[in-house]
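heads up, no residue letters with this:
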């Protein structure tokens, strides 16, 4: 698999997120980190995506930009979903990801950065 293949797969995965993600582009020991989670392992990664698919209403991951430099892929995105609370607030988190490829061309590290503080995400529950 070439780097160009991974870029195209990521674009497709973002469009249908969180359904039918391509887990074969990730190393079994993939490291994941975002402002709320930190773990290692493909099974945990799949569980996290499954949680989003099960508990978030109408999740959407809009890809704004994707670029690669060496073994690093950067994506800029906005994640949004409707919460399962009675008043159904819509949450939106703009941010970016840094994906590192290992020697086999698989994603070995996926770190998400949010453009807004965690408190601002929580405040969206009450607007």
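In hand now; what should we look at? Just so it is clear, the model here is predicted, and its values are computed rather than measured. Numbering: from 1, shown residues only.

Can you pull the poorly scored residue ranges out of the chain?
Where the chain drops to pLDDT under 70, the residues are 1.

can you give me the helices for it?
With helices called from DSSP state H, the chain shows them at 3-16, 42-55, 118-123.

so what's residue 73 up against?
3, 6, 7, 10, 66, 67, 98, 99, 100, 101, 107 (C-beta atoms under 8 Å, 6 or more residues apart in numbering). The way it works is simple: take the backbone N, C-alpha and C, and place the C-beta from them, glycine included.

Drop anything exposed from these.
The neighbour-count test (16 or more other C-beta atoms under 10 Å) marks 6, 10, 66, 99, 100, 101, 107 as buried among these.

How about residues contacting stretch 116-127?
Under the contact criterion C-beta under 8 Å, 6+ apart, stretch 116-127 has outside partners 35, 36, 83, 85, 89, 90, 91, 92, 93, 94, 114.

Of those residues, which is the most crowded?
Counting neighbours by other C-beta atoms under 10 Å, the top entry in the contacts of stretch 116-127 is residue 93, with 20 neighbours.

I figured that residue hits residue 80, correct?
Yes - Residue 93 lies in contact with residue 80 (C-beta atoms under 8 Å); the separation is 7.3 Å.

closest one to residue 31 among the helices of the chain?
Between residue 31 and the helices of the chain, the shortest separation by C-beta to C-beta is 9.4 Å, and it involves helix 42-55.

when you compare where that closest one runs with where helix 3-16 runs, what's the angle?
30 degrees (axes from the mean of the first three to the mean of the last three C-alpha atoms, to 10 degrees).

How about helix 42-55, which residues are buried there?
The neighbour-count criterion (16+ other C-beta under 10 Å) identifies 42, 45, 48, 49 as the buried residues of helix 42-55.
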